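A.B. asks: Need a 3D model of the following:
(chains A and B)
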Amino acid sequence: MTELELAGQVVELVRRAGGPDAQAEAVVTRADLALTRFANSFIHQNVAESGVGVRLRVHVDGRTAAGSGSEVSLEGLRALVERTLAAARLCPPDPAWPGLTPPTPTAASGPVDEATAYADPDARAERVRAFVEAAGGLEAAGYCRTTHRSSGFANSAGQSAYGHAVEAAMDGIARAGGADGVARLCADRLADIDGAALGARAAAKARAAVAPVELPPGRYEVVFEPAAVADLLQNLSWYGFNGKRHAERQSFADPGTAQFDPAVTVVDDPLAAVDLPFDVEGTPRRRLALVEAGTTAAVVHDRRTAADAGTQSTGHGITGGASFGPIPRNLRLLGSDGTGGDTDGIPGDPAAGAVADRDTAALVAQVARGLLVSDLWYTRVLDPKSLVVTGLTRNGVWLIEDGEVTSPVRDFRFTESYPRALGPGRVLGLGRRPVRQPDRLDGVWWEAPPLRLAEWNFTGGASG
Amino acid sequence: MTEFDAASAAVQAAVDAGARYADARVMQRSYESMSARNGEIEELTQHESIGLGVRALVGSSWGFYAVPDLSDAAARDAGRRAARIAAASARVPGPPIDLVPTEPVTATWASECHIDPLGVPLSDKGDLLVRSTRAIREHGADLAEGLYQIWDTTKWFVSSEGHRIDQRIRECGGGISATSIGDGETQRRSYPSYRGQYGTTGWELVESLDLAAHAARIAEESRELLTAPPCPAGETDLILGGEQLALQIHESVGHAIELDRILGWEAAFAGTSWLDLAQLGSLRYGSELMNVTIDPTIPGALGSFGFDDEGSPAVKRDAVREGRWVGVLAGRDSAAVAGLDYGGSVRSDGWARLPMVRMTNVGLEPGPHTLEEIIAATDHGVLMDINRSWSIDDKRLNFQFGCEVGWEVKRGRRGRMLRNPTYTGIGPLFWRSMDMLSSETVAWGTPNCGKGQPGQTGHTGHPAAPARFRNVRVGVRA
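C.D. replies: Presented below is the predicted three-dimensional model:
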C-alpha cells in the first residue's frame, strides 16, 4: 500500500470510529536514512534505518488530539485511531481549532535521484575516504549522509497530496595542531558531494589556522563565511519569522518596517530542493519572501496562527508547531547578484588557505581591519524579542588587515543582537552566490553567501 | 515471536554475516506530552513506537541498522545489513577495537513507579495545567505555559556474548512558566525549572511539585523583573541555586568527562574535551569541596537504569574526588581504547539510534552548608537561579550562562531582584573558586540533552545544591 493510500485508510478509520463529523488529517512517511560518521580519520559510526511513521490529528466534538506511531498494519492503524479519538474526547474543548486544509493543488516534488535515495554504505564510505585522503595527513572528522522520504497526506476535508524528499550532505573538519578547518555542503544529489574537494578545503583552512594569536574582545568588523551566516538565518527563523512568537509579541519582526540593511533579502524556498510540497497540515509549501531589500515582508503561519492573525497559512505547519509555532526551515539570504544557491559545489579555489573562494576574497579585500569568521557554535538566545544571542566562533578566525588575512586568531565568545547586527547601514557587502549548508535535521537547510558586517560584539576570548 | 526472539535473530544473522560481536535492542516506547497556554490546552501528543536496532562489529569496524519490524525475516535482514554496513566502514579503517569485558547476564529490572503516569486520566492532567496557567495569567503575566511529559520504555537486550536483559523505565515530569513582555525584551520565571523537573518515577513526582501553588509567585516575579535593575557588570562572588548548578555540572563536567569526546570521536560536532587522559587521577578539576559521582543507581533520578544499553550493570563511580579528576563516562569500546576497565555509560535514544556514551546521573555530593549560611557569609555578590540560556565551547571550557533571575547580596542579606543575570568563565578556574557548598541536594533531571549524528536526546540526572564561587565575571550583555 502506498503512503497516500495508508493516509487515506487512516482517515477512513477515523470516520468509521468517530462518526461523520469527526475531522482527521493523517500523514504517512516512509524514510530511509543513513549516516556515515568519521573521526580520527576513520569511520567509527555507520548507521542506517528504514522505517515508516504515521501521524494523525483528530478534532471531534470540539476537542483536538494528535497521535503517532510506527505500526502501519491494519491492527496498528486501528489502535492509533482508537487511542487518538479517546484522547481527544478526554481533552478540554479547543475553541481555536482552525479547521482542516481544504482541497488545494500541490506542486510535484522534484525528480528523485535514485543513486542518492538508495545510496549504499560503500558510496558514503568512498566520499569519506576521499575527504580523509584530501586532508593530506591531517586528522579528519565529520559525516556523509543520505536521506530519502516519501510521504502521503490525506484529510477528511478532501485534501490529499503526495511527495518525496531526497538529500545528501557532507560536513567535515580537518585538524592541524589544535586548529580546525571546516567544509560542508548540502545537495539534492550525492553525486554533487565531492569529498575530496571538501577535504582539501577543510585542510587548507586548518593549516591556515595554526598558531593563532589572542586578540582583545571588542567590536570588530567581520566577514562571515556561509557556515556562520547559516546560524544567523536559523535564529532569525526560529525566533523572528515565527508567526506564533510574532502574535505573542515575542518576536522582533515588524512586517512593513525597514528593520534590515537594504542589502538583505531573505526568502524561504523549500521547493528549491527536492522536498515535500506540503506541510504537516497538507497546505502547499511555496517560496515566501520574508525580507525584501531590508524591509521585513512577512512572518510564517500554520493554520492555527493564520486563523489567529486573520490570514492564510503559508504552509509552515510542523510537528510540534502548536507549541513552538511555525518555523521556516529553508532560508536563503540572496547573494549580491540576486541568484539562488550554488549546490553544484563550492566556488573558488578549494586549496587557497584561510580564504578559500572568490566571493569571500572579494569581501576580505574591502576590510581595513576586521575578522574573517568561518563558523559559529553553541549559539543560545538571551532574550527572544531583541534576539540577543551568545555563542562562540569555531573552525577558524583570522585577522584581516588592509584587505588581507594576516594572522589566525583564537576563538572568541560573542553576545550580539542578530537583527541589530544586520540592521540598516550595517551590511557592508555580500558574496555573489549563496551556498547551501546542511542542518542537523535532513530537509532543513540554510543558504547564504559570505557576508560583511560593520561590527560584531565579541565579549570575551575563548580562553577567558 | 517474542521481543527476545527478534533480538536474538538479528544478533545471530549479524554473526553469521561475519560479525565477531553483535548486540540488538528491541525497544517499545509510549510517549505522552500535554502543554497548556494561558489557561487552555495547547497540544496533546501521544506517540507509540516499537522497533529493533542491531549493532555489528566486523574486524574493528562498526555497523548499525534499525527497522520497525520484529518479524524473524526483518530481524535477520537487519542483522545482515548491520554487518554489511560494518564492512563498508572498513573502507576507511581505524585502529584495532576491543571491548572491555562485562559479565553476560540474564536479568530483569524496572524503575520504581507508584502512580502509573499514563494511567492518570488525561482530564486530571489537563486540569492541572489549565488551572496552573490560568492562575499565572490572573496574576499578571502576559504568557503562561505548562507542560508535562511521560515516557514508558521497555527494552529487550541481547548480545552475542550471552546477555539477555529486559528493563522497563518509566519517566515523567513537568513544570510551568510565566513570561512578561516589555518594551524590547521579555522576562520569564519558571517553576521548578523551565521545562520542569523529571525523574524515573511515577506521577507522584508531578504531584509533589504542587505546580499550581507556585503560579502566582512566578507570574508576579516575571512582571517585577521587567522593571528590576539589570545585573551589574563586573567581577563578584556568585551564588548559584541548585537548578542552575545542575546545568553547570551538566555542561562543564558531564560532557567534559565523556570518553568519546576525550578520544576525539565527537570532534566535528559535539566537540572534544579539555581533559587529557594522561592527567586522569592527577588533574585538579576544582576545589576540595568538589566531589562528583557518576551514579545510575540513584532511585528516581532521571539518569538511572539497571543496565546500560550494551549490558553493563549500573555502578556508582567517582568522576571527581576532592577536586581531583578520577573518572570518565565510558563505553566498552572507548574504555578499551583508553586502557580503562569499565564502561557502563552507553545509551541509545530509541530503537533506531546507535548506543553511544551518554551521561547517567552526574552530580555533586552534598557540602556542609545551607543556602542561607552561604548568603549570610557573603559580603558582596549576586545570587542567580533557574537557567535561561546556556552556551559553552567545543572543549567544554569557556561558558556563558544566563539565569531567569538574580538577587543582589549585600552584607550577608539577599536584596533587590536583578534582571538579565549572566555569568561567564572557564570551567576548571570556575570550579576551583567554589568555596561554599550546600547540603540541600536535589537530583535535577534534564530531559533534553542533545548529542550524536543523527541526533539523539538523552535523559540525564544531576544531583546539585546551591554553592558559592569567588570572583566571577557577571553581567555580560550585547
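A.B. asks: Please count neighbours and contacts with C-alpha atoms only from this point.
C.D. replies: Fine.
A.B. asks: Now do the strands in the stretch 1-150 of chain B.
C.D. replies: Under the criterion DSSP state E, counting those that start in this stretch, the stretch 1-150 of chain B contains strands at B:21-37, B:40-58, B:61-67, B:106-110, B:143-159.
A.B. asks: Point out the most buried one among the ones you listed.
C.D. replies: Compared across the strands of the stretch 1-150 of chain B, strand B:61-67 shows the largest average neighbour count, a mean of 29 (mean count of other C-alpha atoms under 10 Å in any protein chain shown).
A.B. asks: same for it, what does it pack against?
C.D. replies: For strand B:61-67, the packing partners by 3 or more C-alpha pairs under 8 Å, 6 or more residues apart in numbering or on different chains; DSSP states H and E come out as strand A:42-60, strand B:40-58, helix B:72-89.
A.B. asks: Just put these in JSON lines and tack on distance to residue A:214 and mean pLDDT.
C.D. replies: Below are the helices and strands packed on strand B:61-67 laid out as JSON lines (distance: least, C-alpha to C-alpha, whole Å; pLDDT from 0 to 100):
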{"stretch": "strand A:42-60", "distance to residue A:214": "32", "mean pLDDT": "97"}
{"stretch": "strand B:40-58", "distance to residue A:214": "44", "mean pLDDT": "95"}
{"stretch": "helix B:72-89", "distance to residue A:214": "39", "mean pLDDT": "98"}
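A.B. asks: Adding distance to residue B:293, write the ones you listed out as CSV.
C.D. replies: Output for the helices and strands packed on strand B:61-67, formatted as CSV (distance: least, C-alpha to C-alpha, whole Å):
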stretch, distance to residue B:293
strand A:42-60, 28
strand B:40-58, 29
helix B:72-89, 35
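A.B. asks: right, so of the ones you listed, which gets closest to residue A:264?
C.D. replies: The closest of the helices and strands packed on strand B:61-67 to residue A:264 is strand B:40-58. By C-alpha to C-alpha, the value is 35.1 Å.
A.B. asks: Alpha carbons only: can I get that closest one in PDB?
C.D. replies: Written as PDB, here are the backbone C-alpha positions of strand B:40-58 (Å, rounded to 0.1, in the frame of the first residue of the first chain):
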ATOM      1  CA  GLU B  40      -6.200  26.400  27.700                       C
ATOM      2  CA  ILE B  41      -4.800  23.100  26.500                       C
ATOM      3  CA  GLU B  42      -2.400  23.800  23.600                       C
ATOM      4  CA  GLU B  43      -1.400  20.400  22.400                       C
ATOM      5  CA  LEU B  44      -1.800  16.700  23.400                       C
ATOM      6  CA  THR B  45       0.600  14.300  21.700                       C
ATOM      7  CA  GLN B  46       0.800  10.600  22.100                       C
ATOM      8  CA  HIS B  47       3.400   8.500  20.300                       C
ATOM      9  CA  GLU B  48       3.900   4.700  20.200                       C
ATOM     10  CA  SER B  49       6.900   3.200  18.700                       C
ATOM     11  CA  ILE B  50       8.500  -0.300  18.600                       C
ATOM     12  CA  GLY B  51      11.400  -1.500  16.600                       C
ATOM     13  CA  LEU B  52      14.800  -3.200  16.600                       C
ATOM     14  CA  GLY B  53      18.300  -1.800  16.300                       C
ATOM     15  CA  VAL B  54      21.300  -4.100  15.700                       C
ATOM     16  CA  ARG B  55      25.000  -3.300  16.000                       C
ATOM     17  CA  ALA B  56      27.700  -5.400  14.400                       C
ATOM     18  CA  LEU B  57      31.500  -5.300  14.900                       C
ATOM     19  CA  VAL B  58      33.300  -6.700  11.800                       C
END
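A.B. asks: strand partners of it, parallel vs antiparallel please.
C.D. replies: strand A:63-69 (parallel), strand B:21-37 (antiparallel), strand B:61-67 (antiparallel) (DSSP bridges).
A.B. asks: Relative to residue B:215, which of those is closest?
C.D. replies: Across these, closest to residue B:215 is strand B:21-37 (C-alpha to C-alpha), at 12.9 Å.
A.B. asks: Spell out which residues make up each domain of chain A.
C.D. replies: What automatic domain parsing lists as the domains of chain A is A:3-208, A:218-461.
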